[in-house]
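Participant: A structural model of the following input is requested.
(chains A, B, C and D, ligands or ions: 2)
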Amino acid sequence: MTQDDLYRTVVLQRTKTPLYAGKLAQANAQGQGTNPLCGDRVHLHAVIDAQGRIDAIRHETRGCAICAASADLMAERVTGQEPARIRQLHADMEAAVQTGNAPAALGELSAFAPLHRHRSRIRCAMLPWTALMEMLNDDKDR
Amino acid sequence: MTQDDLYRTVVLQRTKTPLYAGKLAQANAQGQGTNPLCGDRVHLHAVIDAQGRIDAIRHETRGCAICAASADLMAERVTGQEPARIRQLHADMEAAVQTGNAPAALGELSAFAPLHRHRSRIRCAMLPWTALMEMLNDDKDR
Amino acid sequence: MMDQVVTQASDAAGSLRHIRADFPILTQKVHGKDLVFLDSAASAQKPRQVIDCMAETMRTQYANIHRGLYWMSERTTEAYEAVRDQVAGFLGAGAREEIIFTRNSTEAINLVAHSYGSLLRPGQVVLISEMEHHANIVPWQMLRDRAGIELRVTPVTDDGALDMEALGQNLSDGRVALVAITHMSNVLGTITDARAIADMAHAAGAKVLFDGSQLAVHRRVNVRELDADFYVLTGHKLYGPTGIGVLWARREILDEMPPFLGGGDMISTVSFGRSTWAPVPHKFEAGTPAIIETIGLGAAISYIESIGFDRIGAHEEALTAHALKALGQVSGLKVIGTAPERGGVISFTMADVHPHDIATLLDRNGIAVRAGHHCAEPLMRRLGVSATARASFGIYTTPEEIDLLAATLVQIRGFFV
Amino acid sequence: MMDQVVTQASDAAGSLRHIRADFPILTQKVHGKDLVFLDSAASAQKPRQVIDCMAETMRTQYANIHRGLYWMSERTTEAYEAVRDQVAGFLGAGAREEIIFTRNSTEAINLVAHSYGSLLRPGQVVLISEMEHHANIVPWQMLRDRAGIELRVTPVTDDGALDMEALGQNLSDGRVALVAITHMSNVLGTITDARAIADMAHAAGAKVLFDGSQLAVHRRVNVRELDADFYVLTGHKLYGPTGIGVLWARREILDEMPPFLGGGDMISTVSFGRSTWAPVPHKFEAGTPAIIETIGLGAAISYIESIGFDRIGAHEEALTAHALKALGQVSGLKVIGTAPERGGVISFTMADVHPHDIATLLDRNGIAVRAGHHCAEPLMRRLGVSATARASFGIYTTPEEIDLLAATLVQIRGFFV
Ligand SMILES: Cc1ncc(COP(=O)(O)O)c(C=O)c1O
Ligand SMILES: Cc1ncc(COP(=O)(O)O)c(C=O)c1O
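Facilitator: Ligands and ions are numbered 1, 2, ... in the order given. Got it, this is the predicted structure:
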């Protein structure tokens, strides 16, 4: 057996040793995503400034390797970003998993592009993004 | 096209010119059979003596050639017969249409034996017999 | 595989005559005679494109769908869900989520009667017509007896058209919640003016369901152009497999309707206290669906579309005109249903010969027609007949077959006069 | 055709190894590897005997059934009704009329919940167990919410058996009208003691329904020996087609039950005022049934019977023992469900590796297993897991495939620790 290119080192590492797991005491925004099919769950805590930029973000994830690594890499990637940029990243991510072609801007997030050949797992990788979009929409409504 | 052996002369004749159609003023027994699939109906009127023997019988039939001819030939065949004999004829008739082999006792009723190759029509030929059995059972209950 | 199906079908469609070669059953003999299949309105025959697609699915890619995380299951899920897109396109639906797979038209109507019906209140009216198939009568009777709604019946004219004036009157008290009417009668061949019915229903505040079991085979349906609220069809009449039918309904109505059957796949979460439902369409598809049959239905629709409704319609109009003429020359024969808008389903009676005898004697000559009440007993009573014989046409029917029918009917009548 | 199917199957059954040759899909490659199909509990693969029978039916003898007066229709009707006899024999039913064809187990249970359920009164109880599939939970919840009955849940023990003492307690107030319990768990593999459950239910005045969706594939069922009142199974797990399932119930219960779906074929007479119902089984089969699928189910049952449950059972027991041993040697792996009476369905978790990742990484090696809640969310909560991986076996499964599973699991775990 050869290691699947979906389970690249970066994915396995971030699953075993996440860099953005946990809560934030000063969080002023929350987001939640659940996959009813398997009970997997992502809970986001963030500090968002007046312009809507994410100053800091942490995730609590109960899920598979794809979901947990996606949450951690997402947290890293969106830190310091403004809402418009984040929405673009979300669209790029969606395109990558659907087509297998990752826009360059995705950086390490392109690790999930092979999911286009494992379509049933796409929602595992997208669950953190669902939680993030929920958080951004809530923030906008405030 | 060759004439079907099911539609033998005897069947066609009895359909066109039934010998036992109508009512009986002195009837003391009645029987009815309906095929819900097509609305066909046989109504029997008979004079039954104290021993249960059929002294006279007439039928009113709204139905196809097979049904009408069967009613007429049945009426002819059971006139003067006792219940046990009639039940035997019913069983013989059932056997004939199911297997294609007509017991000799059936006489002209054997015209319906080819129905075993037209199974959907069996109930057309048996409808008069259903009405007859209903009549006999009612008579016994009295 | 889909591509292959389409290509094969369009080759075949090069000529309507070539279509017959797609239907293996047409070479069968019956009682020693060539099969002449004139009972397509009861169920159509299946082209090899459908048969092969189903067999191939089972041979090479079958697995249960939706819940599997492995390739076989993903691939079968995609094939199944692709048919939803295909049916949405076929019916001109607004969204793929509006397509619900059922066993047949009957289940589709029962689903509406149970689920949408549970939203109706005593005193509200469901309006059907005199020419409905039992499938569009009995579910509403059962709802009436369960829920205390009123079941109202709007008449047909003597020539077998829907009486539009009476329809207006039956809608006028504003109590009608749902009009459920056939888009094409399986007895009379009448095609109803669905758009006009929908406009009248909507003006009276009612929703409208069309039973497209017969029509969808013969004409292109566009549910948005018809302004329908519900539309049902059944796969086996559409040159597709048995065991598969379709309910289309407007998204906003489906969203409001409670689920019909409970079980796997239709839930979002389950606990003993309370369960929540999946979004449409899954809310209405409990349990393992007819996977192979759905994929087979997709092949049937590809086949039909490769021929095109222009050609199907033209073929059928020509055949129907030919048949009405040929049958009109059989002495004693009376065509039941002479509405101007009609399709290739022709009911008839023949003086002195019962429809049962007609069917059996035709069968002895290889010709399959239907005889009986055609699951439309109330219509039979309205027409004053207890049964009719019925010849109905498919894309594989030829004028020669109709001539043989007419000639054989003449001979049959000869026996009886 | 039926004879041919039987002969082919019994040749093939000469050796269990030869059985694999009957399943064309087993030669497929997945991600470049040989397919190892270990998801038969979700849906079994189809032998060529079933595939060919369905294709052949469509090619040579198809027509709509019951209402046709011509030879093709008569012949198809006989083939369809012959399967009713066959299923009656397969289940040891008292009479052919006790067999109702449905789409799947889910519809069969919903039929009972709607029809028999409509005879229950507020305050009466339906008793299910903690290890039911959603198909045997949600229909009863919907009945509860519709009709005000109570839904009660009887527990499983920590090893995944039905807690028989608790069952007794749950029956003791005499309010239970129906016990609805699985005959074999699709998660734990547990086989329940159906006869003992039936005896306890009957002693408490309750009827009993068994969900045989899983069991009927593995062991011979005799509904009379089990003293069951209702039994359901689903064709696609029985090496048969999708779109076809079976409800068996005692004749006298079926006679009392009102119809479920209304439409053609289930009526005796129809008028707008009032309709009357056909006798069972037709009362419960509205509309054009899944004709081709029913005939295909007949071929599947012939196939199974040509192999025989003795050999199927022996093969499966040996495989299960082998699998429990092989999986027991994978470090970190925990088998969920260790009841003494069990069949070839094995759920497991593996420390540090989520079931989703197990399934995907196995799939990359051609091995198809299921991962998730297996449509048994309440059981997952009871077991304190949110998902498991599950390997399940069919008559075509080999010990070598199980060894490959175990070896691959060891490698997968290696990535994660
Ligand atoms: C007009 C019409 N509606 C409904 C049906 C019922 O279709 P199915 O039996 O496939 O449910 C039929 C066919 O029998 C029909 O002709
Ligand atoms: C125990 C059990 N019951 C019911 C079902 C439902 O079967 P179906 O989806 O065929 O209706 C299944 C299979 O999914 C099952 O395993």
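Participant: For the chain, which residues score under the pLDDT cut-off?
Facilitator: Unless you meant another one, I'm taking chain A. A:1-4, A:141-142 (pLDDT under 70).
Participant: My question was about chain C, not that one.
Facilitator: C:1-17.
Participant: how about a cut-off of 90?
Facilitator: For chain C, the stretches flagged by pLDDT under 90 are C:1-18, C:67-68, C:268-269, C:352, C:386, C:415, C:417.
Participant: Flag every residue of it that's near chain B.
Facilitator: By C-beta under 8 Å from any C-beta of the partner chain, the residues of chain C that approach chain B are C:353-357, C:360-361, C:363-365, C:371-373, C:377, C:380, C:386-387, C:408, C:411-412, C:415-416. In this view, the C-beta of every residue, glycine as well, is placed from N, C-alpha and C.
Participant: The residues you listed, buried ones only, as a PyMOL selection?
Facilitator: The PyMOL command for the buried members of the residues of chain C next to chain B (criterion: 16 or more other C-beta atoms under 10 Å in any protein chain shown) is given here:
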select buried, chain C and resi 353+354+355+356+357+360+361+363+364+365+371+372+373+377+380+386+387+408+412+415+416
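Participant: Number of residues surrounding residue 61?
Facilitator: By default, I'm working from chain A. 25 (other C-beta atoms under 10 Å in any protein chain shown).
Participant: The intended chain is chain C.
Facilitator: 18.
Participant: do the same with C:G343
Facilitator: When neighbours are counted by other C-beta under 10 Å, C:G343 registers 25.
Participant: Surely it touches C:I191?
Facilitator: Yes. Contact criterion C-beta atoms under 8 Å: C:G343 and C:I191 qualify, at 5.7 Å.
Participant: show me the contacts for the spatially closest residue to C:P340 that is not a sequence neighbour.
Facilitator: Once flanking residues are discounted, C:P340 sits nearest to C:A161: 7.4 Å by C-beta to C-beta, 6 or more residues apart in numbering or on different chains. Each residue near C:A161 by C-beta atoms under 8 Å, 6 or more residues apart in numbering or on different chains is listed here: C:190, C:192, C:339-341.
Participant: follow-up on the earlier one: now, the residues of chain C next to chain B that are in helices?
Facilitator: C:355-357, C:360-361, C:363, C:377, C:380, C:408, C:411-412, C:415-416 (DSSP state H).
Participant: where do the strands sit along chain A?
Facilitator: Secondary structure of chain A (DSSP state E): strands at A:29-35, A:40-48, A:54-62.
Participant: Adding distance to ligand 1, write those strands out as CSV.
Facilitator: Listed next are those as CSV, based on distance: least, C-beta to the nearest ligand atom, whole Å:
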stretch, distance to ligand 1
strand A:29-35, 36
strand A:40-48, 40
strand A:54-62, 46
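Participant: of all these, which lies closest to C:L171?
Facilitator: Proximity to C:L171 (C-beta to C-beta) singles out strand A:29-35 among the strands of chain A, at 46.3 Å.
Participant: Just give the number of residues close to the spatially closest residue to A:E94 that is not a sequence neighbour.
Facilitator: Leaving aside its sequence neighbours, A:E94 sits nearest to A:M126 (C-beta to C-beta, 6+ apart; 7.1 Å). Taking other C-beta under 10 Å as the neighbour definition, A:M126 ends up with a count of 24.
Participant: now C:E98
Facilitator: C:E98 has 23 nearby residues by other C-beta under 10 Å.
Participant: Could you check how far it is from C:A249?
Facilitator: Separation of C:E98 from C:A249 (C-beta to C-beta, to the nearest Å) stands at 6 Å.
Participant: And C:S129, by the same measure?
Facilitator: From C:S129 to C:A249 the distance is 20 Å (C-beta to C-beta).
Participant: same check, this time on C:V417
Facilitator: For C:V417 relative to C:A249 (C-beta to C-beta), the value is 52 Å.
Participant: one step back: got any residues that touch both of C:G343 and C:I191?
Facilitator: C:184, C:215, C:219.
Participant: Spit out the contact partners of the last one.
Facilitator: For C:R219, the set of contacting residues under the criterion of C-beta under 8 Å, 6+ apart consists of C:191, C:309, C:313, C:343.
Participant: what's the closest of those to chain B?
Facilitator: C:G343 (24.2 Å; C-beta to the nearest C-beta).
Participant: So that closest one versus C:I312, what's the distance?
Facilitator: C:G343 is 11 Å from C:I312, by C-beta to C-beta.
Participant: residues from the stretch 201-350 of chain C in reach of ligand 2?
Facilitator: C:264, C:287-288 (C-beta under 6 Å from any ligand atom).
Participant: again, only using 8 Å
Facilitator: Neighbours of ligand 2 within the stretch 201-350 of chain C, by C-beta under 8 Å from any ligand atom: C:263-265, C:286-288.
Participant: Quick check: PyMOL command selecting the buried ones in those.
Facilitator: Selecting only the buried entries of those in PyMOL, with 16+ other C-beta under 10 Å as the criterion:
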select buried, chain C and resi 263+264+265+286+287+288
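Participant: got CSV for the residues of the stretch 201-350 of chain C next to ligand 2, with secondary structure and distance to chain A too?
Facilitator: Shown next, in CSV, are those (DSSP: H, G, I helix; E, B strand; the rest coil; distance: C-beta to the nearest C-beta, whole Å):
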residue, secondary structure, distance to chain A
C:G263, coil, 15
C:G264, coil, 11
C:D265, coil, 10
C:A286, coil, 16
C:G287, coil, 16
C:T288, coil, 16
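Participant: tell me which element the residue sitting nearest the centre point of chain C is part of?
Facilitator: Note on chain C: the residue nearest the mean C-alpha position is C:S213, at 1.3 Å, using C-alpha atoms, centre = their mean. Using DSSP states H and E, C:S213 sits in no helix or strand.
Participant: I'd say it and C:N186 touch.
Facilitator: Yes. Counting by C-beta under 8 Å, C:S213 touches C:N186, with 7.0 Å between them.
Participant: intersection of neighbour lists for those two?
Facilitator: C:H133.
Participant: so what sits against both of C:G343 and C:I312?
Facilitator: C:H218.
Participant: and whichever residue of the stretch 51-200 of chain C sits closest to ligand 2, which of the three is it?
Facilitator: Going by C-beta to the nearest ligand atom, ligand 2 is nearest to C:N64 of the stretch 51-200 of chain C, at 7.6 Å. Counting by DSSP: H, G, I helix; E, B strand; the rest coil, the backbone at C:N64 sits in coil.
Participant: which residue packs closest to it, ignoring adjacent ones?
Facilitator: Leaving aside its chain neighbours, C:N64 sits nearest to D:S43 (3.7 Å; criterion: C-beta to C-beta, 6+ apart).
Participant: ok, now which ones touch that neighbour?
Facilitator: So D:S43 contacts C:62-64, C:288, D:236-237, D:242 (C-beta under 8 Å, 6+ apart).
Participant: let's see it at 10 Å
Facilitator: C:62-65, C:68, C:73, C:76, C:288, C:291, D:234-239, D:242, D:394 (C-beta atoms under 10 Å, 6 or more residues apart in numbering or on different chains).
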